[in-house]
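> My questions are about this predicted structure, shown below with the sequence.
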Amino acid sequence: MAEVTNTPQPLQPGFRLFDGSLLNALLAQFLLSTDSGIVASTVQTRVGAKKLTQVVNQVLTANASDSVSLPPSGTNANGVPYPNVLYIRNDGPQTCKVWPGGANDVLDDGGAGVNGTLSDDNGALYFCISDIGGVRTWVTLAGTIAT
């Protein structure tokens, strides 16, 4: 599994004319971070799903309905906000469940914490259109990105 994060730090944190930490985090959102060879979790629940934190994700599924989850609201350990747009490519031979990251998050008007499905050999774009009070609302553009 190769994980690459293209997050430059053009502005160093600390005492300067201004602290560039927030600007660095903002600029990092527009760069593409990738993760390939992600093995979807065989625990087919939201809590047990493999957490996705990169913008571009290549997922492998061994069993029908193996699971991944979209990122929750907030930031990672480095203080960089989780992405609001994700591309997930299911390169496995089975369907993949895609769960919202938080228990109250919504995916495609499915209700709080309800999963969606990404078919085998297909990809989809996931957009976070709202993040209010730590509750994210996601919409999916799928079915047109198969290669």
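Arrived safely. Residues are numbered from 1 along each chain as shown.
> Which stretches in this protein count as helices?
Along the chain, the stretches classed as helices by DSSP state H are 21-28.
> For it, which helix or strand comes out least confident on mean pLDDT?
strand 2-4 (a mean of 61; mean pLDDT, DSSP states H and E).
> Describe which strands the longest strand seen in the chain pairs with in its sheet and in which direction.
Determined from DSSP state E, the single longest strand within the chain is strand 122-132. Here strand 122-132 is paired, per DSSP bridges, with strand 85-90 (antiparallel), strand 135-142 (antiparallel).
> Residues contacting the longest one, please?
Where contact means CB atoms under 8 Å, 6 or more residues apart in numbering, the residues beyond strand 135-142 that reach it are 70, 72-73, 98, 100-102, 104-108, 116, 118, 122-131. C-betas here are computed from N, CA, C, even on glycine.
> any idea how far residue 140 is from residue 129?
Applying CB to CB, to the nearest Å, the value for residue 129 to residue 140 is 11 Å.
> Compare those two and say which is more crowded by neighbours.
residue 140 (19 against 10; other CB atoms under 10 Å).
> The more buried one pairs with what?
Beta-bridge partners, per DSSP bridges, of residue 140: residue 126.
> Per-residue pLDDT of it, please?
We have a pLDDT of 93 for residue 140.
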